[in-house]
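Asker: next one to model:
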Amino acid sequence: MINAVASEWLKLRSLRSTYYVLASTLSALALTGFAAFSISNYFDTRGPGGEHIGTGLSFSADISPVLFGMLGVLAISGEFGTGMIRLTLTTIRRPWILLVAKAAVVAAVAAVTGQALAFATYFTAQAVVGGRPIGASLSDPAALPEILATGAGSAVAAVTGLGLATILRSTPGALIALVGLMLTPTATERFLPAPWNDWTSSLTISSLTRQLAGVPDSGAFGPSAASTILAGYVVISLFAAALAITRRDA
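Answerer: Purely as a prediction, here's the structure:
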């Protein structure tokens, strides 16, 4: 298993797409800075009553899971496209070991990068806010938990993307499925009656991450239920991927 993890780490580092995706996550900082500036400007001109910035993570909450999901997709989809997956499975006789190794590597990279991005996003928002009472201090009850939970959400998104790419064996197909999985619940909630609209929008990884941290009014579930659903993303993704790769490619 250790050799398999080391091999997958080397593969991920050698992919140019890895660096492109990780660089793309910096767009979250730009979006957060722009949103924080706009809201701060509203506060300066019209006073209290506008939107509250808080940690600033909500402005890019739907972007990060998609990008880290792309990291998971591209970690394996290229091997299906070139046929290298057959050579890999010849070396690693048990497909589930390959999946676990890939999942461990992409989850670790996404968790570390996502955590660093979350802190950078928070400090970017607070730097723009300055002394205005519309930001959030790390001493606030839900601020630090929200930041720390972002790393876990990033890891879940990466493993989910890996599972989709393994099942579909197509980079475009997996990316389309990933975007649909991440964004469709939020887009469709307005067309559903209560309480289905709240439940549906609460099932996205970005929303579950905030619910895991106990952020007020972030969704229909509590931290325990949110952690269970996030774990379900990982388990279902890997289980379905293991079935697909064992029956089709092994």
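Asker: mind listing what the residue most central in space within the chain touches?
Answerer: A centroid search over the chain (C-alpha atoms, centre = their mean) returns residue 65, at 2.5 Å, as the residue closest to the centre. Counting by C-beta atoms under 8 Å, 6 or more residues apart in numbering, residue 65 touches 153-154, 156-157, 182, 204-206. (Each C-beta comes from the backbone N, C-alpha and C, glycine too.)
Asker: now with 6 Å, please.
Answerer: Residues counted as contacts of residue 65 (C-beta atoms under 6 Å, 6 or more residues apart in numbering) are 157, 182, 205-206.
Asker: and it, what element?
Answerer: If you go by DSSP states H and E, residue 65 is part of helix 63-82.
Asker: next, the buried residues of that helix.
Answerer: 63-80 (16 or more other C-beta atoms under 10 Å).
Asker: where does the prediction get shaky in the chain?
Answerer: 49-50, 248-250 (pLDDT under 70).
Asker: all strands for it, in order.
Answerer: Secondary structure of the chain (DSSP state E): no strands located.
Asker: which helix in it has the most residues?
Answerer: helix 95-129 (DSSP state H).
Asker: can you give me the angle that helix makes with helix 63-82?
Answerer: If you take axes from the mean of the first three to the mean of the last three C-alpha atoms, to 10 degrees, helix 95-129 sits at 150 degrees to helix 63-82.
Asker: now helix 95-129: how far from the chain's centre is it?
Answerer: Averaged C-alpha coordinates place helix 95-129 at 8 Å from its chain's average position (C-alpha atoms, centre = their mean, to the nearest Å).
Asker: who are the packing partners of it?
Answerer: helix 2-14, helix 27-46, helix 63-82, helix 143-168, helix 223-248 (3 or more C-beta pairs under 6 Å, 6 or more residues apart in numbering; DSSP states H and E).
Asker: 7 Å instead?
Answerer: In terms of contacts (3 or more C-beta pairs under 7 Å, 6 or more residues apart in numbering; DSSP states H and E), helix 95-129 is packed against helix 2-14, helix 27-46, helix 63-82, helix 84-91, helix 143-168, helix 223-248.
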